[in-house]
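Participant: can't give you the sequence, but here's the structure:
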């Protein structure tokens with residue numbers, strides 16, 4: 001088992017301190033640190049030990065901006081319903097200066113190979129490991145669900161060199177938070193039964 005520097009958060013501290021962050025500095029996360037995060041990701045449990053995950057790291061700011069613009073265009077076209085068009089959310093996401101990746105310097109794509117019926121669930125477990133490890137190392141993350149649809153188009157898969165049978169599950173932005181994220185109140189666990 002790999003040891004982690006005792007200066008890092010414990011797993012329990014990381015679970016309670018992790019927040020979805022949407023404001024980043026422009027400081028890039030090192031290749032070495034990202035490799036450590038990916039190593040933590042692949043320690044996740046996996047059905048039948050299939051390990052269906054693959055990863056892509058994008059740090060090219062021009063490419064990140066292009067993906068963001070493409071996702072915003074797709075979102076704009078798919079949300080032309082009157083109720084959504086009038087909403088503040090629509091205005092926010094279609095603003096010319098809005099970047100769906102919140103100008104984070106790194107994007108990690110957690111992708112699933114087409115193996116077994118639990119590949120997607122396994123990849124989400126890997127994604128959570130990655131985010132908790134990032135928190136333990138003092139980094140911030142956020143899953144960008146709005147990017148999933150556009151990244152799974154054949155056009156973007158071709159451009160990124162991702163084969164058609166691979167499915168992008170979790171686009172995770174990563175970097176140094178520009179400000180501290182405040183705690184968010186959580187509901188207590190709803191226990192349906194305890195028999």
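Facilitator: Ah, there it is. Fair warning: this is a prediction, and the values are worked out from it, not measured in the lab.
Participant: list the buried residues for the host helix or strand of residue 14?
Facilitator: Assessed by DSSP states H and E, residue 14 sits inside helix 11-17. Residues residue 14 are the ones in helix 11-17 that count as buried (16 or more other C-beta atoms under 10 Å). In short, each C-beta sits where N, CA and C put it, glycine included.
Participant: who are the packing partners of it?
Facilitator: helix 119-136 (3 or more C-beta pairs under 8 Å, 6 or more residues apart in numbering; DSSP states H and E).
Participant: quick one: mean pLDDT over the helix it packs on.
Facilitator: In this model, helix 119-136 carries a mean pLDDT of 97.
Participant: re the thing from before, tell me how far the helix holding residue 14 is from the chain's mean position?
Facilitator: Centroid separation between helix 11-17 and its chain, computed with C-alpha atoms, centre = their mean, to the nearest Å, is 18 Å.
Participant: ok, and what's touching that helix?
Facilitator: 9, 132-133, 135-136 (C-beta atoms under 8 Å, 6 or more residues apart in numbering).
Participant: give the ChimeraX command for selecting the buried subset of those residues.
Facilitator: This is the ChimeraX syntax for the buried subset of the contacts of helix 11-17, where burial follows 16+ other C-beta under 10 Å:
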select :9,132,133,135,136
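Participant: would TSV of the contacts of helix 11-17 with distance to residue 76 be doable?
Facilitator: TSV is the format used below for the contacts of helix 11-17 (distance: C-beta to C-beta, whole Å):
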residue	distance to residue 76
9	39
132	34
133	35
135	33
136	37
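Participant: three-state assignment of the residue positioned nearest the centre of the chain?
Facilitator: Taking C-alpha atoms, centre = their mean, the centroid of the chain lies closest to residue 172, which sits 1.7 Å from it. Following DSSP: H, G, I helix; E, B strand; the rest coil, residue 172 is assigned to strand.
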